[in-house]
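Participant: 3D, please:
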Amino acid sequence: MRRITAFGICTLIILLYACGAEVSLQNEQLTDTTDHTEVETDAAEIATPLPASATVDTKEVDPAELVEFAQTLIGTPYKYGSIEPQQGFDCSGFITYVFNHFQIAVPRSSVDFTNVGREIPVNKSKAGDLILFTGTDSTIRVVGHMGIIVNNTDSTRFIHSTSGKAYGVTITPLNKYYQGRFVKIIRIFK
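Facilitator: Okay, here's the model as predicted:
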């Protein structure tokens, strides 16, 4: 009996230590604010993309109004899994909140935008188009991050919620880093 108790205690200690190490690692990943570091999600592995024919009813909303509203959220902090401005947003939570403000239903996860709308060349993108990126590992060509095109005058710029250095809602140019992670731009507005 004493051996079983000692074995049980040792097993419990090992399990608690292992769980604590995992939580510590997760906390480090969530609070990392180095340039261009974004939290990886398992959503790409478990989410099922919408069918290729998926469409979004944009209800005659002017894309410029949508972008203008999105810009009022600049500075809102990053918060993984949140769609509430008081707490912060992750990238798809930010998109969801902005579109829901105009009563436009969109997928909740960035990977679920893979087959939504129609693909647009970068040089033809307009304000309100959505720009899709891989997660931080650009070798895995699955959508893991996204933003809303703000303009495409001198250079393509997009607004998004990032867990990188800006750590929240910000406007970013389509720079070399994001070009390496670029998947496509989609238009859901008519």
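Participant: next, name the residue at the spatial heart of this protein.
Facilitator: Central residue of the chain (Cα atoms, centre = their mean): residue 91, 3.0 Å from the mean position.
Participant: wouldn't that one be in contact with residue 158 here?
Facilitator: No. Here residue 91 lies out of contact with residue 158, judged by Cβ atoms under 8 Å, at a distance of 10.5 Å. C-beta coordinates here come from the backbone N, C-alpha and C atoms, glycine included.
Participant: quick one: the strands in the chain, in order.
Facilitator: Ranges of strands within the chain are 83-84, 88-89, 118-120, 130-134, 143-152, 156-162, 168-173, 182-187, based on DSSP state E.
Participant: a markdown table for these, including mean neighbour count?
Facilitator: Putting these into a markdown table (neighbours: other Cβ atoms under 10 Å) gives the following:
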| stretch | mean neighbour count |
| --- | --- |
| strand 83-84 | 14 |
| strand 88-89 | 24 |
| strand 118-120 | 13 |
| strand 130-134 | 24 |
| strand 143-152 | 23 |
| strand 156-162 | 24 |
| strand 168-173 | 19 |
| strand 182-187 | 19 |
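Participant: please convert these to JSON lines, extending it with distance to residue 56 and mean pLDDT.
Facilitator: As requested, these are exported to JSON lines (distance: least, Cβ to Cβ, whole Å; pLDDT from 0 to 100):
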{"stretch": "strand 83-84", "distance to residue 56": "17", "mean pLDDT": "94"}
{"stretch": "strand 88-89", "distance to residue 56": "19", "mean pLDDT": "96"}
{"stretch": "strand 118-120", "distance to residue 56": "11", "mean pLDDT": "96"}
{"stretch": "strand 130-134", "distance to residue 56": "10", "mean pLDDT": "98"}
{"stretch": "strand 143-152", "distance to residue 56": "13", "mean pLDDT": "94"}
{"stretch": "strand 156-162", "distance to residue 56": "18", "mean pLDDT": "97"}
{"stretch": "strand 168-173", "distance to residue 56": "21", "mean pLDDT": "97"}
{"stretch": "strand 182-187", "distance to residue 56": "10", "mean pLDDT": "98"}
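Participant: among those, which comes closest to residue 106?
Facilitator: Among these, the nearest to residue 106 by Cβ to Cβ is strand 130-134 (8.9 Å).
Participant: for the strands of the chain, give me CSV that also has distance to residue 72.
Facilitator: Formatted as CSV, those follow (distance: least, Cβ to Cβ, whole Å):
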stretch, distance to residue 72
strand 83-84, 15
strand 88-89, 13
strand 118-120, 25
strand 130-134, 18
strand 143-152, 13
strand 156-162, 10
strand 168-173, 9
strand 182-187, 23
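Participant: right, I'll call it a day here.
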